[in-house]
Structure formats: structure tokens, C-alpha cells
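Got a predicted structure plus its sequence, pasted below:
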Amino acid sequence: MPYAVLGFLTLALWVYCLVDIVTSPDDGIRHLPKMGWVLVVVLVPTIGALLWLFAGRPITPSRPASTTRFSEYDRPGRAVATNPDDDEAFLRSLRERAEQQRREARRQQAERDEDPA
């Protein structure tokens, strides 16, 4: 029974490492190319998997302290108004559009009130 548990854990580690290698970005992998790590883990399962975890796995960059829990704010290229005049012009255009939509809604409501059909 203990050998079965040890075998299952070894198999789980092996499969985890293979999936981790395949899904890791090419530019983050250390010491060997991706195919090299796959061969090491397949040919020498337990030792290769441990080598991958300690020597080959990409190092994840630590997040800055000022990050928020909302990922949309961290997205590169996010549109942020840099010039207050541009922001003011955008808000003015929104107000004008909203007023135009209100006038159109009032006109349609008046037409429905006049038409008794």
C-alpha cells in the first residue's frame, strides 16, 4: 500500500511537471529549451521533475505593492486621459449626446401621446 501511494505521488508530480513545461512561456524557462526539459522529465521522471521545479521553472516576477485586485487596471495600453482638456472635451460630448437622446425620447413620447390608435 505505501508503494502505491508513493507511485501515485510520483506519477502526479511527473504529469504536473510536464503540463507546467508545456504551458510555460518559452522566454521564461531557465537553463534549457522547452523540448530539452520535456526530454529530461520523460527520460528521468522523478529526478527530472525535481530538476524542473528547482532549476528550470520560470521565476514569476513579484507584483508591485501598489497593485489593485482588479486586473483591468494593470492592463498595458489602458486608455487613461493624460490631458485634462481632452477629458473635459470627452465629458462635454457625452453630455451633449445624452441631451440629444432625451430630446428624441420626449419627441417620441409626444408622438405616442398624440396618436390614439
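Ah, there it is. Note that the structure is predicted; figures quoted are calculated from it, not measured.

What's the per-residue pLDDT of Leu32 here?
With respect to pLDDT, Leu32 scores 87.

which SS state does it fall under?
coil (DSSP: H, G, I helix; E, B strand; the rest coil).

Please report the distance of Trp83 from Phe90.
Quick fix: residue 83 is Asn, not Trp. 10 Å (Cβ to Cβ, to the nearest Å). Bear in mind the C-beta positions are built from the backbone N, C-alpha and C, glycine included.

Now do the domain split for the protein, please.
Per automatic domain parsing, the structural domains of the chain span 1-58, 82-117.

Let me have these in a markdown table, adding mean neighbour count as columns.
Shown next, in a markdown table, are those (neighbours: other Cβ atoms under 10 Å):
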| stretch | mean neighbour count |
| --- | --- |
| domain 1-58 | 14 |
| domain 82-117 | 9 |
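
what is the mean pLDDT for stretch 56-72?
Computed over stretch 56-72, the average pLDDT equals 62.
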